[in-house]
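Asks: any chance you could fold what I've pasted below:
(2 chains)
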Amino acid sequence: MVHWLWLVPAFPFAGFLILALAGRRLSNKAVAYTGTLATGLSALLALLIAFGFFAAPPNDHTFQQALWGWLETGGFSPDISLYLDSLALIFVLVVTVVGFLIHLYSASFMKDEEGYARFFAYMNLFVGSMLLLVLSGNLLFLYLGWEAVGLCSYLLIGFWYRDKANGQAAQKAFIVTRVGDTMMAIGLFLLFHSLGTLNIQEVLARLPVEYASGSALPVAASIMLLGGAVGKSAQLPLQIWLPDAMAGPSPVSALIHAATMVTAGVYLVARTYAVFEMAPLVQALTAIIGASTLLLAGFSALTQRDIKKVLAYSTISQIGYMFLALGIGAWSGAVFHFMTHAFFKALLFLGAGVVIIQMHHEHDMLKMGGLRKSMPFTFYTFLAGAASLAALPLVTAGFYSKDIILWYAWSGTQSSPWLWTAGIAGSFLTALYTFRMVFLTFYGEGENQPGDRKEYSIQIPLAALAVLSIIAGVANLPENFGHKQWLSDFLHHNLPRIQATHTTSETLMQVISGTIVLAGILAAYRLYLKPSGWPDNFRQTKIYAFWSSGWAFDQVYHTLLVRPVIWLARINQRDVLDLINGMIARFHIRWHGMFIRTQTGKMRWYAMGIATGTILALAVLIFLT
Amino acid sequence: MIHIPLHEGLILSGILFFMGFLGVIVRRNIIFMLMSVEIMLNAAGLAFVLAGAHWGEPDGQVMFTFILTMAAAEVSVGLALILQLYKHFRSLDSDSYNQMKG
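Replies: Residues are numbered from 1 along each chain as shown, chains lettered A, B, ... in the order given. Below you'll find the model as predicted:
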């Protein structure tokens, strides 16, 4: 079964080709079937491969499939090959299954939109590129997938291109991630320059042998790779693009800007873990970036009125947890949180999409309210996702995945009380802003009370993701629940294991984090559901405006970077370099004008010219030889 | 048979060639220009025959036969063209032909 691996990315790419070439001529129904079937088949095949993988794991839990050689030049011969191990398998499963559910949802959700075929073409291209990214055995093709998902992100953020703001949001996302991508490219150059290969396994195997831990190359390379990851995963200081990326349709936000693409950074760091282990300082930096991002984004999420922006900041914050986990060496914890986050955040975006479209494109939560009665199905599924996001103790998947990160932030070999404190504070914030969103949207009073969307293709993905958001936790229960860490054990075939060094009882820490979460929910209940003057007063404060603007990062970048560039462009309007090019052109025009005069149309002049030329040529021949 | 030194014959050929060229340059009547070209061709032919005789090779005369054939063809095409030109411009002055457009 595993030999059919190449078909997993091939299906979405084929779907893209069909839709891109013939999409205009197909009916909407055919478009929806093509797009959904392409990802559906891919998901089915991925599941079959996964079952085969679990039942009879290949040697070392890795499977390689060389498709073809791309080029061979001077000892550089990158193969287009697929590399499947436990880490890649988890990502493939999440990408294809969540991708399929979101395609199914989009089939109904987008049905009244212009550019239906274009939408599915981009979405299929995205899924294919994302699979290329996670399945590539070579950093070069990982980078290809990396750029391709960036392109799809750009195309889909600007899907409603008639509105100028959407186009600008798309450009912002593209340009900001480009900063990270450039760093990543430099990182790849560094690795290739010093090791002569970009094959991931070779790099990971040879780096620790050929370089000392903490020496210049691993540090430089890991910083550059981290830069790429930070850009793609919207972490400090490149997080500014993600809230604007919400200009795209909701399924896009769910698939690209919550579940899969933005976690590519997490995948990159986990994939190249050995490079980071060689640079302890950079790994610590990863943890610090994660911890500060999760706090900053948490505060910002608390002050948003747009339901999708709450979710956007929440995504930044949750990916912060994953970076924290990567930074402390809890590799499997990061992947576990990625998985549960993909389920519940995709669910929340899809639910928010239903709410927004039923409210006639109203994003403002303050104008919503009481929707739990009029749209109960959306409410219950949304609640399941929200509970999982807030990490409601014991009953949700989010609790288990976050618990692992917090536990190792406290007890792991690279842990620090500060990181743990940030994580705990973050989980209070998460519970607070999540239930603020739930209470504002679904409780209280609201004028507009639209009904549920009844289509199966919308309800099935919501229900499936709700179930996954609740039960996915059983994949990896905490150590003190008995050893039932199926996911971690599976991942540890290919990723290093983390040891707990602390003697504190794990149960105690769980009680603390659980209590914090419940306190957060209670606080949300007291502040936003019970009648209180707090929300209005809070909204008047300066700190609210500051948090709401995303800690004024946009303004700072605007002053420090955008305005100097615009100023420079303005004074260089006539383009100094262009003058040089222009001179070459003018010189030739002058000469050309002189030659035109020799074309008189008088035959005798031509004869004279031929004779003179011949004589000159003969003279040269005779006198020079 | 009188033996003519090669260089004297070549000088004659050169003079003929130059006269022909001068004719092409200075005459404005297109028929005279064509005749001058004929003189130039024959000057070249003479040089070939001389060289052939000098080295006792038949190639010079073979080349002259070629030149004669080519000259005949050239004259027929040239005269046809001149006829057309005269029909069009009502003139044999080659300088008046600089109005041809397209």
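Asks: OK, contacts around residue A:365?
Replies: A:305, A:306, A:307, A:310, A:437, A:440, A:441 (C-beta atoms under 8 Å, 6 or more residues apart in numbering or on different chains). Backbone N, C-alpha and C define where each C-beta goes, glycine included.
Asks: do I have it right that residue A:244 meets residue A:167?
Replies: No: contact criterion C-beta atoms under 8 Å: residue A:244 and residue A:167 do not qualify, at 11.2 Å.
Asks: quick revisit: just the buried ones from the contacts of residue A:365?
Replies: Among these, those classed as buried by 16 or more other C-beta atoms under 10 Å in any protein chain shown are A:306, A:307, A:310, A:437, A:440, A:441.
Asks: which residues touch the last one?
Replies: With contacts taken as C-beta under 8 Å, 6+ apart, residue A:441 has the following neighbours: A:307, A:355, A:365, A:368, A:369, A:371, A:382.
Asks: could you do the fourth one as well?
Replies: Taking C-beta under 8 Å, 6+ apart, we find residue A:437 in contact with A:307, A:310, A:311, A:365, A:386.
Asks: need phi/psi at residue A:364.
Replies: When read as degrees, to the nearest 10, the backbone of residue A:364 gives phi -80, psi 120.
Asks: residues in contact with it?
Replies: A:305, A:306, A:307.
Asks: now residue A:448: closest residue in space that isn't a chain neighbour?
Replies: Of all residues not flanking residue A:448 in the chain, residue A:359 sits nearest, at 5.8 Å (C-beta to C-beta, 6 or more residues apart in numbering or on different chains).
Asks: again with residue A:1
Replies: residue A:52 (4.1 Å).
Asks: distance of that neighbour from residue A:137?
Replies: Going from residue A:52 to residue A:137 by C-beta to C-beta, to the nearest Å gives 19 Å.
Asks: of these two, who's got more company?
Replies: residue A:137 (25 against 16; other C-beta atoms under 10 Å in any protein chain shown).
Asks: ok, that one touching residue A:63?
Replies: No: contact status for residue A:137 versus residue A:63: not in contact, 10.1 Å apart, counting by C-beta under 8 Å.
Asks: for residue B:6, what are its contacts?
Replies: With C-beta under 8 Å, 6+ apart, residue B:6 has these contacts: B:50, B:51, B:54.
Asks: quick one: the first one and residue B:16, what's the gap?
Replies: Just to be clear, that refers to residue B:50. In terms of C-beta to C-beta, residue B:50 sits 12 Å off from residue B:16.
Asks: now flag whichever of the buried ones among the contacts of residue A:365 is closest to residue A:611.
Replies: Within the buried ones among the contacts of residue A:365, the smallest distance to residue A:611 is 84.2 Å, found for residue A:306 (C-beta to C-beta).
Asks: now, which of the contacts of residue B:6 sits nearest residue A:496?
Replies: residue B:51 (92.4 Å).
Asks: what's the closest non-adjacent residue to the closest one?
Replies: Using C-beta to C-beta, 6+ apart, the closest residue to residue B:51 is residue B:60 (5.2 Å).
Asks: can I assume residue A:23 is in contact with residue A:118?
Replies: Yes: counting by C-beta under 8 Å, residue A:23 touches residue A:118, with 6.7 Å between them.
Asks: where do the helices sit along chain B?
Replies: B:6-26, B:30-55, B:59-89 (DSSP state H).
Asks: return the most buried member of those.
Replies: helix B:30-55 (a mean of 18; mean count of other C-beta atoms under 10 Å in any protein chain shown).
Asks: show the average pLDDT along that helix.
Replies: For helix B:30-55, mean pLDDT is 92.
Asks: quick check: residues of chain A near chain B?
Replies: A:600, A:601, A:602, A:603, A:604, A:607, A:608, A:611 (C-beta under 8 Å from any C-beta of the partner chain).
Asks: can you do 6 Å?
Replies: A:601, A:602, A:603, A:604, A:607, A:608 (C-beta under 6 Å from any C-beta of the partner chain).
Asks: nearest to chain B among the residues you listed?
Replies: Set against chain B, the nearest of the residues of chain A next to chain B by C-beta to the nearest C-beta is residue A:601 (3.0 Å).
Asks: the spatially most central residue of chain B and chain A, how far apart?
Replies: Nearest to the mean C-alpha position of chain B, by C-alpha atoms, centre = their mean, lies residue B:38 at 2.5 Å. As judged by C-beta to the nearest C-beta, to the nearest Å, residue B:38 and chain A stand 15 Å apart.
Asks: for that residue, which non-adjacent residue is closest in space?
Replies: residue B:71 (6.2 Å).
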